[in-house]
Structure formats: C-alpha cells, structure tokens
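J.: what's the 3D shape of this:
(one chain, ligands or ions: 1)
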Amino acid sequence: MTEESAGPARSAFVTGASRGLGAAIAKDLAAQGYRVVGTARNPAEDVVDGVSFVACDVTDPESIRSAVARARDLVGTIDIVVTSAGIMHDGPLVSLPQEAVDDVITTNLLGSVNVARETLGDMMMNQWGRLVFVGSVVAMWGSPGQVNYGASKGGLVGAARSLAWELGRFGVTVNVVLPGLIDTGMAANVSAKRHKELMAGTPMRRPGRPEEVTSLVSYLVSEGAGYITGASIPVSGGAGMGL
Ligand SMILES: NC(=O)c1ccc[n+]([C@@H]2O[C@H](COP(=O)([O-])OP(=O)(O)OC[C@H]3O[C@@H](n4cnc5c(N)ncnc54)[C@H](OP(=O)(O)O)[C@@H]3O)[C@@H](O)[C@H]2O)c1
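T.: Numbers count the residues shown, from 1 in each chain. From the prediction side, this is the model:
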C-alpha cells in the first residue's frame, strides 16, 4: 500500500459522535472512506451514516477501555483519534458548584487525555498516527463564567505539546483545534446577550459551521499533515487572536 492510498483505509475513533461537532467529524471521515467508530454514552443505533457506534462515558476509564477494545474488534488497530466529547457548565467561579468544576474538567480534559492514553499504543506500534483534541478558543481568549471550561481546554493545549514530544519519533502527530462559536446544540445554550458579545469579538461576525471545523480535522488526520504536531489551531472566524 502506498502512502497516498493508505489514508481512506485507515481507522478512526471519534468521541462524542452522537451529535454536534463529533457527529459531523465522524460522518465526514466515514464519507471519505475511513473506517470510523464513534462513541456516545447511549448509542441509539449500531451504525449511523457509515459510522459504527460503541458506548463510552469518557469520565470513566473502564468505560474508555471497553469502548476501545470494542472498536478494535470492529476496525482493527486504531490509526486516528479525535476527542470531541465535551460539556459546559458555566457560571462565575465564586459561585460555581464543586461538581460543575469537577465534571467539566473530568469530561473535557481527563476524558481526552485518558482516551489518548488508551489508544496511543496502536499508533506507536504502527509508527503512524493522528490525534486531534477538540479544544476551544476559550483556551486562548478567556471568557467570563468559563473558568472550568477554559482550564479544561487550556489543559488540552499543554497536553498536546508534551505528547507531541513523546510521540514525534513514532510518526504520531498530536494537535488541538480551537473552535470559536460553532452552530451546534452546545452553542444553542449561549444566551442572546453573550452571543452578541461573542460576535462583536469575531471579525467574521458570524458563528462557524460544523463543516468549517471538520475540514480542518480532515486535513490534520491526513497523510499530508504529517509534519504538523503540537499545534493549537483556531477555527474561530478570527475570534481570540488579538485582532
Ligand atoms: N459548539 C461550539 O460552539 C464549540 C466551540 C468550541 C469548542 N467546542 C467543543 O467541541 C466539542 C463538541 O461540542 P458540540 O458543540 O458538538 O457539543 P454537543 O452538541 O453538546 O455534543 C457534545 C457531545 O459530547 C458527548 N459527551 C458529553 N459528555 C460525555 C461523556 N461524559 N462521555 C462521553 N461523551 C460525552 C455527547 O454525547 P452524549 O450523546 O453521550 O450526550 C455529545 O456527543 C466539545 O468538546 C466542545 O467543548 C464547541
């Protein structure tokens, strides 16, 4: 198999694929010919849009282990991992319940790091791999009421940089995409006032579309992106870039 033809035959594991960005990413990779396993906490069906589903709660390391094992049964060793499972629970830190801090960091940061930990062995052994964390431009920009969320997404930026050092010599890249406000179910929870503020800080003056994130992820997992690692790349309409 040549380098050029290897791409679409590769397998991908995408967390949070039941809806929103994860669903769009999984569907896009499947449409390109990748063998894709998506995760949801309670998958409604075994296969959707060419994506095979397994159950996984990323806050539970045992659930991650069994989901990865099931994915290997379905598609063999895992070449590509995209972690999109994520939550928000906003509010000023001074009055934020302890569980809102813990849940967001456990899901967004530990969930992604633990999924990476469980899947990297395959990539290292194969001397090829692509890992993409779905972060947020909040990691760079900051956002009032999102200390827990910003900490979780900023943590992914730091994790990717260190992991890039650990994995570079194995031909495995690790990158973070930093979406701004993107039209998904999560964005629908943003108040009208906050939406207006966010658009005022966004040069493109509109939310992003899921396909504007999937196109970046699609590139980062491709053969051609083999020399990009440790990077955190905004896809935010210019928001959060000091413009
Ligand atoms: N939309 C935006 O504007 C935006 C901007 C920046 C960054 N992001 C990031 O993009 C990612 C996806 O966001 P989205 O807009 O697609 O959100 P979404 O529509 O709310 O979808 C969230 C996904 O995460 C999964 N999930 C939540 N908790 C989980 C857990 N404990 N274990 C496993 N899966 C879990 C959900 O699966 P279930 O079906 O199991 O609930 C769902 O598939 C998140 O990491 C988010 O922080 C989004």
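J.: once you drop chain neighbours, what's closest to Asp90?
T.: Excluding the flanking residues, the one nearest Asp90 by CB to CB, 6 or more residues apart in numbering is Gly145, at 4.4 Å. In this view, the C-beta of every residue, glycine as well, is placed from N, C-alpha and C.
J.: next SSE downstream of the lengthiest strand in the chain?
T.: Scanning the chain for the longest strand, with DSSP state E as the assignment, gives strand 172-179. Next along the chain after strand 172-179, taking DSSP states H and E as the criterion, comes helix 185-188.
J.: what's the average pLDDT for the next helix or strand after that following helix?
T.: Per DSSP H and E, the first helix or strand lying C-terminal to helix 185-188 is helix 192-200. Confidence for helix 192-200, expressed as mean pLDDT, is 92.
J.: the strands in this protein, which residues?
T.: Assigned strands in the chain, in chain order: 11-15, 35-40, 47-48, 51-55, 80-83, 129-134, 172-179, 232-235 (criterion: DSSP E).
J.: which one of those strands lies nearest to Pro210?
T.: For these, distance to Pro210 was read as CB to CB. The smallest value, 9.2 Å, belongs to strand 172-179.
J.: residues near Val36, how many?
T.: For Val36, the number of neighbouring residues by other CB atoms under 10 Å comes to 30.
J.: now find how far off-centre stretch 32-40 is within its chain.
T.: Centroid displacement of stretch 32-40 relative to its chain, using CA atoms, centre = their mean, to the nearest Å, is 14 Å.
J.: returning to what we had before: make JSON lines out of the strands of the chain and add distance to Val101 and mean pLDDT.
T.: Shown next, in JSON lines, are the strands of the chain (distance: least, CB to CB, whole Å; pLDDT from 0 to 100):
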{"stretch": "strand 11-15", "distance to Val101": "21", "mean pLDDT": "98"}
{"stretch": "strand 35-40", "distance to Val101": "24", "mean pLDDT": "98"}
{"stretch": "strand 47-48", "distance to Val101": "33", "mean pLDDT": "96"}
{"stretch": "strand 51-55", "distance to Val101": "26", "mean pLDDT": "98"}
{"stretch": "strand 80-83", "distance to Val101": "20", "mean pLDDT": "99"}
{"stretch": "strand 129-134", "distance to Val101": "20", "mean pLDDT": "98"}
{"stretch": "strand 172-179", "distance to Val101": "21", "mean pLDDT": "98"}
{"stretch": "strand 232-235", "distance to Val101": "23", "mean pLDDT": "98"}
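J.: Throw those into CSV and include distance to Leu74, thanks.
T.: Converted to CSV, the strands of the chain look like this (distance: least, CB to CB, whole Å):
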stretch, distance to Leu74
strand 11-15, 9
strand 35-40, 6
strand 47-48, 10
strand 51-55, 5
strand 80-83, 14
strand 129-134, 18
strand 172-179, 21
strand 232-235, 29
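J.: surely Lys27 meets Phe53?
T.: No: taking CB atoms under 8 Å as the contact criterion, Lys27 and Phe53 are not neighbours in contact, 11.9 Å apart.
J.: the two: which is more packed in?
T.: Neighbours were tallied for Lys27 and for Phe53 using other CB under 10 Å; the higher tally belongs to Phe53 (24 against 20).
J.: wait, what's in contact with that one?
T.: 17-18, 37-40, 43-47 (CB atoms under 8 Å, 6 or more residues apart in numbering).
J.: beta partners for it?
T.: In this structure, Phe53 has the following beta-bridge partners (DSSP bridges): Gly38.
J.: follow-up on the earlier one: Ser63 is nearest to which of the strands of the chain?
T.: Of all the strands of the chain, strand 51-55 sits nearest to Ser63, with 7.3 Å by CB to CB.
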